[in-house]
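[1] Sequence plus the predicted model coming up.
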Amino acid sequence: MQESIDTWLVKVSCNNWVWYAKRLSANDAGATESHQAGIYIPKHILWAIFPSTQDGSNPDARFPSEIFPQMEKRNLRAVWYNEKTRNESRITQWNRPSRILEPDMTGGLVLFAFQLESGKNPIEAWIWFCQNEEEESIIEEIIGVIEPGEGLLHDPLGLATSLISKPQSKGCSLTESDIPFAWLSEFPNAQVLIDYALSLMPAKKGKADARLLARRECETALFYSVERTFVLPRIKHGFATVDEFVDYANSVTNRRKSRAGRSLELQLKSIFTEENLSFAHGEISEGNKKPDFLFPSIQAYQNLNWPDTKLRMLAAKTTCKDRWRQILNEADRIPAKHLVTLQQGVSENQFKEMRKAGVILVVPQALHKNYPASVQPEIMTLGAFIKEAKTACM
């Protein structure tokens, strides 16, 4: 009998379990057909969970695992590749081709639960590969939104959740003494954080693609440094009841979800303004439909004498594995739907589905290498989209 994710999460919520959650890149899922095999995990996380992998030549650790919801048992390998030019750590031996880890899972959420033993490698691991958005939402309700290129290490009983992607921007991660006084009484919203990040970085330096990624990294570092100042003292103070603890945990998660839902849109809005691009943000196209961005304006869209060929729409979604379908009925006058995403790759099958439905992917230049070689020529950079919107919508 297949286990439900709710029951599974209860079983791995004891004090000797630690979770690591991430979204699968195209490389992780085998969509890029790279020589690299296995799911990438940052070295410092691997070393913390598998102490024996810190020393030696390509040190590794083998461990029993159970994979859900498929209910399959595997002996997996945690390895730090450190010879010659390699310097990366992965969980390997999924025995590809595999119905557990396949290209169409690119962008999906996976949760590793490691049963730890003090000072030693894990006793075992339970691993849940989410099959749909509902399962992803259940996990993200507990630990917060997982964005592409980021991962979360989570202690189910301690709220010890930490960002573990690439090192945070030193100039953007604030100490308590650096945090603006007004923020200490009221947590800043996404727009305030983005404005502050912009004040720390040279205006309009570099291409639009690079600016978007740099600003997201900076804003993320700001958010988590401010969150630490708010959350850690409350955790140390303790909670009188379980309900009080749950309510506080939910407030932390809801704040993260709110920030994730707005951040990408607001960062794009600032870049479009810098590029002197004419656009409408969050306007109703027809009925209850509200595309993220319309070009050149809502007035042009509503003017039936304005040619359809001189209109563009852009949706913004950090991940697009299943969510791309949500934009198909937006902006009826515009058959081609541009979608900007930060997802680290799609499978060839996923991409074919999108193109057949009229979706055109817009991906920051630095992330193109994460997509299959056959797909890369057909995805746009943010800079290319801006250029097209300027010329086509005049």
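    Yep, that arrived. Numbers count the residues shown, from 1 in each chain.
[2] The residue most central in space within the chain in helix, strand or coil?
    For the chain, Glu147 is the residue whose C-alpha lies nearest the centre (CA atoms, centre = their mean; 1.2 Å). When classified by DSSP: H, G, I helix; E, B strand; the rest coil, Glu147 comes out as coil.
[3] what separates the spatially closest residue to it that is not a sequence neighbour from Ala336, distance-wise?
    Distance criterion CB to CB, 6 or more residues apart in numbering; nearest residue to Glu147, sequence neighbours excluded, is Thr318 at 5.0 Å. Bear in mind the C-beta positions are built from the backbone N, C-alpha and C, glycine included. To Ala336, Thr318 is 21 Å away according to CB to CB, to the nearest Å.
[4] Which one's more surrounded, those two?
    A side-by-side neighbour count of Thr318 and Ala336, using other CB atoms under 10 Å, places Thr318 first with 22 against 11.
[5] Distance of the more buried one relative to Lys84?
    Taking CB to CB, one finds Thr318 at 34 Å from Lys84.
[6] Next: Arg216.
    32 Å.
[7] neighbour-wise, which of the two wins?
    Arg216 (20 against 6).
[8] How about that one, nearest residue that isn't a chain neighbour?
    The shortest distance from Arg216 to any non-neighbouring residue, by CB to CB, 6+ apart, is to Gln267 (6.2 Å).
[9] Can you name the element that comes right after the strand or helix carrying the one you found?
    Using DSSP states H and E, Gln267 falls within helix 242-274. Next along the chain after helix 242-274, taking DSSP H and E as the criterion, comes strand 280-281.
[10] can you list contacts of that following strand?
    For strand 280-281, the external contacting residues (CB atoms under 8 Å, 6 or more residues apart in numbering) are 265, 269, 292-295, 297-298, 301.
[11] would you list those in TSV and tack on neighbour count, distance to Trp17 and secondary structure?
    Formatted as TSV, these follow (neighbours: other CB atoms under 10 Å; distance: CB to CB, whole Å; DSSP: H, G, I helix; E, B strand; the rest coil):
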residue	neighbour count	distance to Trp17	secondary structure
Glu265	18	36	helix
Lys269	19	41	helix
Asp292	23	38	coil
Phe293	23	42	strand
Leu294	29	47	strand
Phe295	26	48	strand
Ser297	16	52	coil
Ile298	16	50	helix
Tyr301	25	51	helix
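[12] With respect to Ser199, which of these is nearest?
    Checking these against Ser199 with CB to CB, the nearest one is Lys269 at 16.4 Å.
[13] Leaving out chain neighbours, which residue sits closest to that closest one?
    Per CB to CB, 6+ apart, closest to Lys269 is His281, 5.4 Å.
[14] can you tell me how far that neighbour sits from Arg355?
    To Arg355, His281 is 26 Å away according to CB to CB.
[15] Cys172 too?
    37 Å.
[16] Name the residues of stretch 188-208 that are buried.
    By neighbour count with 16 or more other CB atoms under 10 Å, stretch 188-208 contains the buried residues 188, 190, 192-194, 196-198, 201, 208.
[17] With stretch 61-74 instead?
    By neighbour count on 16+ other CB under 10 Å, the buried set for stretch 61-74 is 61, 63, 65-68, 70, 74.
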